[in-house]
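> Got a sequence here, can you build the structure:
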Amino acid sequence: MKWSMFFSGVAALSILVGTAWAADEAAKPASPERAFSALDFGAVADGKTDDTAAIQKAIDAASKQGGIVYLPAGKYLVAGSLNIKVGVALKGVQEAPVSIDPLTGTVILATGGRDKEDAPALFEMGQSSTVKGLTVWYPDQKPTDIHPYPWTFHLRDFDNTVEDITLINSYNGIRVGPENNVRHRIRSVYGCVLRRGLEVDNCTDIGRVENVQFHCHWWSAKSTGGAWKPVYQYMIDHLDAFVFARTDWEYVTNCFVFPANIGWRFIKSEHGMCNGQFTGDGADATQTAVQVDAIQYMGLLITGGQFVSFNGKDPVEVRVSDTNRGNVRFVNCAFWGPSNNNAIIKGKGYVSFSDCFFSSSKKDTPDNPLVVAKSGRLQINNSSFASKKPSVELGPDVTHAIIQGNNGANGVKVIDKTGGKAIVKDNEPAGKRGGGDSGFDGAVSPGQGRHRDIKAAKAPTVWRFGGRNSRHAGRKGVSPIGL
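Alright, predicted model coming up:
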């Protein structure tokens, strides 16, 4: 019995000693065999001492063969720019983006480049480099006196990764290009950006952006000098959140902004334009949620998005500019909020909405159509118009339109000024329920199940009946009603 008790005591003591040793080892900074700790190269992490040079020394050492530079929990003042060299991963302790306060874990206090947007980024990222698991805060930035700063991240060359990042108040967030680049990976980035969130250009092989959220909330805590109201207003007036120029086959998933001047913008640069797939993305409290200035001819596939505009003098969820020549496809998307219109479409491209939801709760614009097509080609199918406003207006410069199989809170009212270039059929009849023979304010229209052969019309044709629902459908001698 005594020997049994003795050995049991020895075993228990061994377990305790081993556990304590393991905990002590885990608490130590990573050794050079596993990673290069910035603390071993002179970083202080007290939020007061400039740690730029010490962190760069660690990066330079890791770059000789490629490796990890570890930033243990602390506040690192960086007054300059860090060059993340080929094959180096700069890692903090965060396993995911964090809340607005307190600022714990690995925190970068960035002070360089004030009033110099074209200065080097806080993180200049070369080929096969990574920045992961940290928070960035610009302590000299003030909500009521916002100054320009360089980009927080600048990615170039091949295979860069930015992941698990929290941005407290970046003026410019993440820039990819304009140097040639391929296969960027931007994942789980949350925070407040003031002027530009993400800008991608000159990517020639499939970049990926996943789980990115920009929100004024991240710069509203007193501990970071934040304030909701002025930050919210600044973002409405200035922020272009997601901007895409030349990028081939971009994949963007689960990304969101609140608020913004423009939520999603597609432009042409000297390198070209964008095509890509955008899934589960959104924009709220914007002046314009989606603005398409120019895209590649095969264009944009936008699926499962929610887009809301109600700020500024002329809030509109979707604007397709007259410079667009490409194809924009919205599938299973919702456009709502007190906007002047849900969509205004120009240009010579193709735009389609399938299985979408349109609504505007703005009370002082009862006659504003939810969708206005001024030119180009338009298709709207299997969608719902939830406001008792005109559903669609087709202008005389529209090349062709198909409005088919839709319904609405007041039916589907289509104002057709195309002079015979529109197919409008199988929609829920528009007008009041009940009443006289027609039940639709006395309006009678021809069958809409066929393409009309009208060369010109002095007044717009207003379609109020679904082709198969109207008792006048296909009947000879029944003329369109002009308003």
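> What ranges does the stretch 101-250 of the chain have for its strands?
106-110, 123-125, 130-137, 151-158, 161-182, 185-200, 208-215, 240-244, 247-253 (DSSP state E, counting those that start in this stretch).
> If I look at residue 431, what pLDDT would I see?
Listed pLDDT for residue 431 reads 80.
> A helix includes it, no?
No. Using DSSP: H, G, I helix; E, B strand; the rest coil, the assignment for residue 431 is coil, not a helix.
> what's around it, how many residues?
16 (other CB atoms under 10 Å). (Each C-beta comes from the backbone N, C-alpha and C, glycine too.)
> measure it to residue 408 for me?
11 Å (CB to CB, to the nearest Å).
> before we move on, what about residue 75?
Relative to residue 408, residue 75 is positioned 55 Å away (CB to CB).
> try residue 415
Counting by CB to CB, the gap from residue 415 to residue 408 is 14 Å.
> Those two: who's more crowded?
residue 408 (22 against 18).
> and the more buried one, what is it in contact with?
384-387, 391, 428, 430 (CB atoms under 8 Å, 6 or more residues apart in numbering).
> Let's have those in TSV, adding neighbour count.
Formatted as TSV, the contacts of residue 408 follow (neighbours: other CB atoms under 10 Å):
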residue	neighbour count
384	17
385	30
386	18
387	20
391	30
428	18
430	24
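> In TSV: these, plus secondary structure and distance to residue 370.
Shown next, in TSV, are the contacts of residue 408 (DSSP: H, G, I helix; E, B strand; the rest coil; distance: CB to CB, whole Å):
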residue	secondary structure	distance to residue 370
384	strand	11
385	strand	6
386	coil	9
387	coil	6
391	coil	6
428	coil	14
430	coil	13
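> In TSV: those residues, plus distance to residue 188.
TSV is the format used below for the contacts of residue 408 (distance: CB to CB, whole Å):
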residue	distance to residue 188
384	34
385	36
386	34
387	36
391	39
428	42
430	46
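> Just give me the least confident of those.
residue 430 (89).
> Excluding sequence neighbours, find me the nearest residue to that residue.
residue 411 (3.4 Å; CB to CB, 6 or more residues apart in numbering).
> thought the one you found was touching residue 429?
Yes. Between residue 411 and residue 429 there is a contact under CB atoms under 8 Å: 4.9 Å.
> show me the contacts for residue 287.
Neighbours of residue 287 in contact, by CB under 8 Å, 6+ apart: 236, 260-262, 309, 311-312, 314-316.
> In helices, which of those residues appear?
residue 236 (DSSP state H).
> now the contacts of residue 287 in CSV, with distance to residue 253, pLDDT and neighbour count?
Output for those, formatted as CSV (distance: CB to CB, whole Å; pLDDT from 0 to 100; neighbours: other CB atoms under 10 Å):
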residue, distance to residue 253, pLDDT, neighbour count
236, 25, 98, 17
260, 19, 98, 29
261, 23, 98, 20
262, 20, 98, 21
309, 22, 98, 32
311, 26, 97, 22
312, 28, 97, 15
314, 30, 97, 12
315, 26, 98, 21
316, 25, 98, 24
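> So which of the contacts of residue 287 sit within strands?
260-262, 309, 316 (DSSP state E).
> Would you check which pair of the residues you listed lies furthest apart?
260 and 316 (13.3 Å; CB to CB).
> Any regions of this structure where pLDDT drops low?
Counting by pLDDT under 70, the low-confidence segments of the chain come to 1-34, 432-483.
> which residues in it form helices?
Using DSSP H, helices in the chain cover 2-27, 52-62, 228-238.
> Give me the residues contacting the last one.
To tie it back to what came earlier, the one meant is helix 228-238. Residues contacting helix 228-238 (CB under 8 Å, 6+ apart): 143-144, 146, 169, 192-195, 216-217, 219-220, 259-261, 285-287, 311-312.
> what angle do it and strand 161-182 make?
10 degrees (axes from the mean of the first three to the mean of the last three CA atoms, to 10 degrees).
> try the second one
With the same axes, to 10 degrees as the criterion, the two stretches helix 52-62 and strand 161-182 enclose an angle of 70 degrees.
> Show me how far helix 52-62 is from its chain's centre.
34 Å (CA atoms, centre = their mean, to the nearest Å).
> Show residues contacting it.
35-38, 40-44, 67-69, 71, 76-85, 87-88, 90, 112.
> Ramachandran angles for the closest residue in space to residue 117 that isn't next to it in sequence?
Nearest non-adjacent residue to residue 117, counting by CB to CB, 6+ apart: residue 148, 4.6 Å away. Per-residue torsions, residue 148: phi -70, psi 150 (degrees, to the nearest 10).
> now swap in residue 63 and tell me
According to degrees, to the nearest 10, residue 63 has phi -70, psi -10.
> who are the neighbours in contact with residue 318?
Residue 318 touches 288-292, 307, 330, 335, 342-345, counting by CB under 8 Å, 6+ apart.
> and it, bridged to which residues?
residue 290, residue 343 (DSSP bridges).
> Can you tell me how far it is from residue 306?
For residue 318, the distance to residue 306 - CB to CB - is 12 Å.
> now residue 192
20 Å.
> try residue 430
Distance from residue 430 to residue 306, by CB to CB: 26 Å.
> Now restrict the contacts of helix 52-62 to buried residues only.
Among the contacts of helix 52-62, those classed as buried by 16 or more other CB atoms under 10 Å are 35-38, 40-41, 43-44, 67-69, 71, 76-78, 80-85, 87-88, 90, 112.
> ok, back up a step: and the strands of the stretch 101-250 of the chain as a markdown table, adding mean neighbour count and distance to residue 324?
Shown next, in a markdown table, are those (neighbours: other CB atoms under 10 Å; distance: least, CB to CB, whole Å):
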| stretch | mean neighbour count | distance to residue 324 |
| --- | --- | --- |
| strand 106-110 | 25 | 37 |
| strand 123-125 | 24 | 32 |
| strand 130-137 | 23 | 35 |
| strand 151-158 | 23 | 27 |
| strand 161-182 | 23 | 21 |
| strand 185-200 | 24 | 18 |
| strand 208-215 | 22 | 22 |
| strand 240-244 | 25 | 13 |
| strand 247-253 | 20 | 16 |
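> Tell me which of the ones you listed lies nearest to residue 266.
Of those, the one closest to residue 266 (CB to CB) turns out to be strand 240-244, at 5.3 Å.
> helices and strands around that closest one, which ones?
strand 185-200, strand 208-215, strand 260-266 (3 or more CB pairs under 8 Å, 6 or more residues apart in numbering; DSSP states H and E).
> Good, wrapping up.
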